[in-house]
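**Q** Any chance you can model this:
(one chain, ligands or ions: 1)
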Amino acid sequence: MSEQRIWDVAIIGGGVIGLTCAFELARRGRKVTLIERAQPGRQASRVAAGLLGTATLPVGEDDAIFPLKLDSLRRYPQFVAKVESIGRRSSGYRTDGTLWVARSADEDAQLEALHEERLRRGRRSQRVEAGEIFNIEPELPGSLLSGLLVDEDVQIDPRRLLAALERGIRYVRVGLQSDRAAVGGWYDEAAGAWNVRLADEDSGEDDSVQARDVLITAGPWCDEIVASAHGETGPLASTGVGPVKGQLLRLRGPRIIDRVIRTTNVSLAQRRDGELIVASTKEPEAGWDLTATDEAREALLDRAAELIPRIRELELEEHSVGLRPAVADHAPVIGPAGQPGLWIATGHFQHGILLAPATAHWLAEAMDSGEAPQMLEPYGLERLGQPRVNTEAAS
Ligand SMILES: Cc1cc2nc3c(=O)[nH]c(=O)nc-3n(C[C@H](O)[C@H](O)[C@H](O)COP(=O)(O)OP(=O)(O)OC[C@H]3O[C@@H](n4cnc5c(N)ncnc54)[C@H](O)[C@@H]3O)c2cc1C
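**A** Modelled structure (predicted):
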């Protein structure tokens, strides 16, 4: 049956970005429907490690998105409090901080550069001498050269967060439409609204919903939707967004670490329930492939065990694979999408969990005022020109 009502906002894609935007917009009083072609939170958002960090290596790599990362990190405590109280679930938010460690002179120099960069930006971090590392994280080996403590870089359990968000959006009356894929759309001038065409994944029947605003949050699949839609003033502009494959391990066992531990090639984070994350590979050449490979599993285990040999004793619970949504310059695309009432939020690459609260807040502000706020200026679609639509072999 076709929906007769006109929604204020139809959001396409129920990953962490779509769910967080739905939560925020509905809390502000908008009537929101969230369209998800499978079940919410099953793609990259479910695979992510949940590191919420402003410090990254190599130094300077994240310059363009640092202000947004910092803004989002600052929003996290309040965001978590709202989602947990409305969604009635813990999100596994842990504020024990992050310890970067150096295994070689080169890594030691990189940590020094990272420390100096943070001080330049007015952020706190603390250099740690080799002899002190044991006092901070006793399982780390005595062979490490130095460390860098970044207290403000914390972690969350994305799966718990997604579960809390899914409950939260129901409570704020978001109309969730699962197992329904958006397969195109057009602007209906008479109604002053968008028609989003939907395909029911089970029955194969077509349907549509109407909404004054449409927000596309379909991760690396955004351009598939864009390619089959038509706006008030012509075809929609593509982002060129595509997938960057990542593999990650979930182990389980007794408590080994409290802080997030990071080096140049592996990151470890342990949840309070004993789950230990070993993150992650970055395989841009793999396209849409979702195979969990023996090679990646062994490489991740080797890197983790090189740091903490006891990790080999833990049980391997899951080998996860996900597709980070990335555009050419690896910064997100957030804001108006070149047609009246059309918005987009994608390309969050390796920081979508971190950037979700800021993305939702600033998009909601933009929808309220009708224009992109200053904070979103660096993340506009215009900066990308007119990239080729990236729909090859999408799955
Ligand atoms: C290995 C790995 C580790 C990571 N670690 C971190 C980390 O530590 N910290 C961090 O901040 N980020 C991390 N990330 C990145 C983070 O996971 C992503 O940036 C984030 O999940 C992107 O969210 P999204 O909602 O844009 O996309 P997705 O989670 O991909 O969600 C998009 C949704 O859109 C739906 N969809 C697609 N097409 C349609 C359609 N036509 N109609 C309806 N629905 C549709 C999909 O089914 C999907 O549910 C990691 C990612 C990976 C892979």
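
**Q** Closest residue of the stretch 1-150 of the chain to the ligand?
**A** Per CB to the nearest ligand atom, the residue of the stretch 1-150 of the chain with the smallest distance to the ligand is Gly15, at 2.2 Å. For glycine as for every other residue, the C-beta is placed from the backbone atoms N, C-alpha and C.

**Q** List the contacts of that residue.
**A** Counting by CB atoms under 8 Å, 6 or more residues apart in numbering, Gly15 makes contact with 40-41, 43-45, 217-219, 352.

**Q** Name the SS class of the nearest residue to it once chain neighbours are set aside, please.
**A** Excluding its sequence neighbours, the residue lying closest to Gly15 (CB to CB, 6 or more residues apart in numbering) is Ser45, at 4.2 Å. At Ser45, secondary structure determined by DSSP: H, G, I helix; E, B strand; the rest coil is helix.

**Q** Buried residues in stretch 373-383, which are they?
**A** 375-376, 379-381 (16 or more other CB atoms under 10 Å).

**Q** Show me these that map onto helices.
**A** Among the buried residues of stretch 373-383, no residue falls in helices (DSSP state H).

**Q** These also near the ligand: which ones?
**A** Counting by CB under 6 Å from any ligand atom, nothing from those sits close to the ligand.

**Q** In TSV, list those along with pLDDT.
**A** Putting the buried residues of stretch 373-383 into TSV (pLDDT from 0 to 100) gives the following:
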residue	pLDDT
Met375	96
Leu376	96
Tyr379	96
Gly380	94
Leu381	92
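
**Q** Excluding covalently adjacent residues, which one is nearest to the spatially most central residue of the chain?
**A** The centre of the chain sits closest to Gly352, judged by CA atoms, centre = their mean, with a distance of 1.7 Å. Distance criterion CB to CB, 6+ apart; nearest residue to Gly352, sequence neighbours excluded, is Val16 at 5.6 Å.

**Q** Flag the shaky bits of the stretch 201-350 of the chain, pLDDT-wise.
**A** Residue ranges of the stretch 201-350 of the chain with pLDDT under 70: 201, 204.

**Q** circling back: what's the host helix or strand of the residue nearest to the centre of the chain packed up against?
**A** Using DSSP states H and E, Gly352 sits in helix 352-369. On a contact count with 3 or more CB pairs under 8 Å, 6 or more residues apart in numbering; DSSP states H and E, helix 352-369 meets helix 16-27, helix 44-47, strand 51-52, helix 66-87, strand 333-336, strand 342-346.

**Q** Save those as a markdown table, and put in mean neighbour count too.
**A** Output for those, formatted as a markdown table (neighbours: other CB atoms under 10 Å):
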| stretch | mean neighbour count |
| --- | --- |
| helix 16-27 | 28 |
| helix 44-47 | 23 |
| strand 51-52 | 24 |
| helix 66-87 | 18 |
| strand 333-336 | 24 |
| strand 342-346 | 27 |
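
**Q** Might one say that the residue nearest to Gly352 is in contact with Leu355?
**A** No. Under the criterion of CB atoms under 8 Å, Val16 makes no contact with Leu355, lying 9.1 Å away.

**Q** is it true that the residue nearest to the centre of the chain touches Val47?
**A** No. Taking CB under 8 Å as the definition, Gly352 is not a contact partner of Val47, at 10.6 Å.

**Q** pLDDT averaged over the helix holding Gly352 - what is it?
**A** Averaged across helix 352-369, pLDDT comes to 97.

**Q** quick check: angle from it to strand 342-346?
**A** 160 degrees (axes from the mean of the first three to the mean of the last three CA atoms, to 10 degrees).

**Q** Each with direction, which strands does the helix or strand hosting Ser320 pair with?
**A** Using DSSP H and E, Ser320 sits in strand 315-326. Applying DSSP bridges, strand 315-326 is found paired with strand 242-252 (antiparallel).

**Q** Name the surrounding residues that touch the very next helix or strand once past the strand it pairs with.
**A** Per DSSP H and E, strand 242-252 leads on to strand 260-262 as the next helix or strand towards the C-terminus. For strand 260-262, contacts defined as CB under 8 Å, 6+ apart pick out 51, 53, 96-101, 137, 140, 153-155, 267-269, 307-308.

**Q** which of the contacts of Gly15 lies closest to His319?
**A** The nearest member of these to His319, counting by CB to CB, is Ala44 at 15.3 Å.

**Q** Contact partners for the closest one?
**A** 15, 219-220, 246, 322-325, 352.

**Q** Distance of it relative to Leu290?
**A** Taking CB to CB, to the nearest Å as the measure, Ala44 falls 11 Å from Leu290.

**Q** Which neighbours do these two have in common?
**A** Counting by CB under 8 Å, 6+ apart, the shared contacts of Ala44 and Leu290 are Leu323.

**Q** bridging residues for the closest residue to Thr291 other than its chain neighbours?
**A** Among residues not flanking Thr291 along the chain, Val321 sits closest, at 7.0 Å (CB to CB, 6+ apart). Going by DSSP bridges, Val321 is paired in beta bridges with Gln247.
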